[in-house]
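Novice: generate a structure from the sequence data that follows.
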Amino acid sequence: MDPRPRRRPAPHTVTAAASRAVGLVCAVTLAALLAACAPEPSATPEPSSSASASVGAEPTPTTSEEPSSSPEPTPSGGFVDDSEVEAWTITADGIGPVRLGMDFTAALQTLPAGGWEQGVECDWSAFTNTQDKSYSLYFAREFRSASGPVVEVGVVWSGAPGTEQSVGPRGDRGLGVGSTRSQVLTAYPDAAEGTSPVDGSTYLIAPTASGSIVFTFATPSSPARSVAVSATTDPPHPVCG
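Specialist: Sure, this is the predicted structure:
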């Protein structure tokens, strides 16, 4: 038996530097764990004024809002000289220089730059307005088509229903926006009558060799609100709808 007294092991002394190193490792480990559980950051994260994370705090998930449905687009277009389009003629083949069957892109390129604008949400159509904003003009290819020929050209009164006036291009029978129902029926006695299920407006479809000329009326007693030259004899429908 060893008579010498046993020495107790010296207590481990943690230096201040070691303590700081351990703390730093713990903090890094904790930050890594929190980062693994946290939701993905948003596109524009807010800057943080503190580098430390509070222990035990539950991460707050970020929620993304569902995109709201956009309303029906209202194409505005550019502006054209009133006197120029007033001289255009409505025929069975088109209105002014825009004719049924023309390539849509080619038709747009032949018109004055800056006057006509292709639709954004409905790029199968192009629009323009007169400078006094009393009416607008448009043409379109097939609905939702990526390319193709012009199948419709139209003139639309821009004011409130019931305020229609005789403006814009006229046909060889003197008809256009502002013409009355009786005038249209006198010129086209075989025109088919109908009522739109979309807005309750009425229409007259006058058949032609190229398709039809369609007159729409806000009410049966109001003047024509729009005139469209179409490659079909189908009832009128919203260009962007």
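Novice: could you use CA atoms for every contact and neighbour count after this?
Specialist: OK.
Novice: which residues does the closest residue to Ser125 other than its chain neighbours contact?
Specialist: Nearest residue to Ser125, sequence neighbours excluded (C-alpha to C-alpha, 6 or more residues apart in numbering): Ala140, at 4.1 Å. Going by C-alpha atoms under 8 Å, 6 or more residues apart in numbering, Ala140 touches Phe104, Trp124, Ser125, Ala126, Val150, Val151, Glu152, Val153, Val239.
Novice: tell me how far Ala140 lies from Asp172.
Specialist: 23 Å (C-alpha to C-alpha, to the nearest Å).
Novice: what's the answer for Gly119, then?
Specialist: 30 Å.
Novice: adding neighbour count and secondary structure, write the contacts of Ala140 out as TSV.
Specialist: Written out in TSV, the entries for the contacts of Ala140 read as follows (neighbours: other C-alpha atoms under 10 Å; DSSP: H, G, I helix; E, B strand; the rest coil):
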residue	neighbour count	secondary structure
Phe104	23	helix
Trp124	24	coil
Ser125	26	strand
Ala126	26	strand
Val150	25	coil
Val151	23	coil
Glu152	27	strand
Val153	26	strand
Val239	17	coil
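Novice: confidence-wise, which of those comes last?
Specialist: Lowest pLDDT of the contacts of Ala140: Val239, 89.
Novice: got a list of what that one touches?
Specialist: Ser125, Ala140, Phe143.
Novice: do that again at 10 Å, thanks
Specialist: Val239 is in contact with Cys122, Trp124, Ser125, Ala126, Tyr138, Phe139, Ala140, Arg141, Glu142, Phe143, Arg144, Glu152, counting by C-alpha atoms under 10 Å, 6 or more residues apart in numbering.
Novice: that one and Val120: what is the separation?
Specialist: 13 Å.
Novice: anything in contact with each of these two?
Specialist: In contact with both Val239 and Val120: Ala126, using C-alpha under 10 Å, 6+ apart.
Novice: partner residues bridging the residue nearest to Ser125?
Specialist: Beta bridges link Ala140 to Ser125, Glu152, judged by DSSP bridges.
Novice: tell me how far it lies from Gly200.
Specialist: 23 Å.
Novice: identify the farthest-apart pair in the contacts of Val239.
Specialist: Tyr138 and Arg144 (15.4 Å; C-alpha to C-alpha).
Novice: ok, these two, which is more surrounded?
Specialist: Here Tyr138 and Arg144 are set side by side on neighbour count (other C-alpha atoms under 10 Å), and the busier one is Tyr138, at 23 against 15.
Novice: before we move on, back to that, looking at Gly119 and Asp172, which is more packed in?
Specialist: Between Gly119 and Asp172, counting by other C-alpha under 10 Å, Gly119 is the more crowded of the two (18 against 10).
Novice: that one touches Phe127, doesn't it?
Specialist: Yes. Counting by C-alpha atoms under 10 Å, Phe127 is a contact partner of Gly119 at 7.2 Å.
Novice: which helix or strand in the protein has the lowest average pLDDT?
Specialist: Lowest mean confidence among the helices and strands of the chain (mean pLDDT, DSSP states H and E): helix 16-37, at a mean of 38.
Novice: element containing Leu185, please.
Specialist: helix 181-187 (DSSP states H and E).
Novice: right, and the helix or strand after that helix?
Specialist: strand 192-195.
Novice: what sits closest to Gly171 if chain neighbours are left out?
Specialist: Using C-alpha to C-alpha, 6+ apart, the nearest residue to Gly171 is Ile90, at 4.3 Å.
Novice: I'm done for today, thanks for sticking with me.
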